[in-house]
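# Quick one, what's the 3D model for this:
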Amino acid sequence: MSWRSVHIGKENDQFALKGVKVWQQEWRWINGQTVRLPNPLDSSQTESFSVCEVGSTRSPVRFAAARLPSRLWAFYVND
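Model (predicted):
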């Protein structure tokens, strides 16, 4: 599965995926899945990202998220 970086920002910013404001939704962690992905601020480092979804269960919006050492959050989506 291929992932691409889509956002780096502070917790509770206005980030939205497919029109769904991520921070205003309850995140559903998908079976405890994690993926190791590059830290988008320092590609020589990798981080463990939780695979989550938000939105309706009929049409969920899936993403991978991690809190970076810089206290920012990074988000990836499937390509």
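# Distance of Trp23 relative to Gln14?
8 Å (C-beta to C-beta, to the nearest Å). C-betas here are computed from N, CA, C, even on glycine.
# More neighbours: which of the two?
More crowded of Trp23 and Gln14, by other C-beta atoms under 10 Å: Trp23, with 15 against 9.
# wait, doesn't the more buried one sit right on Lys10?
No. In this structure Trp23 lies outside contact range of Lys10 using C-beta atoms under 8 Å: 9.6 Å.
# for this structure, what spans make up the strands?
3-9, 16-17, 20-21, 28-39, 42-54, 61-67, 73-78 (DSSP state E).
# Turn those strands into JSON lines, including mean pLDDT and mean neighbour count.
JSON lines is the format used below for those (pLDDT from 0 to 100; neighbours: other C-beta atoms under 10 Å):
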{"stretch": "strand 3-9", "mean pLDDT": "97", "mean neighbour count": "15"}
{"stretch": "strand 16-17", "mean pLDDT": "97", "mean neighbour count": "16"}
{"stretch": "strand 20-21", "mean pLDDT": "96", "mean neighbour count": "16"}
{"stretch": "strand 28-39", "mean pLDDT": "97", "mean neighbour count": "13"}
{"stretch": "strand 42-54", "mean pLDDT": "96", "mean neighbour count": "15"}
{"stretch": "strand 61-67", "mean pLDDT": "97", "mean neighbour count": "19"}
{"stretch": "strand 73-78", "mean pLDDT": "97", "mean neighbour count": "18"}
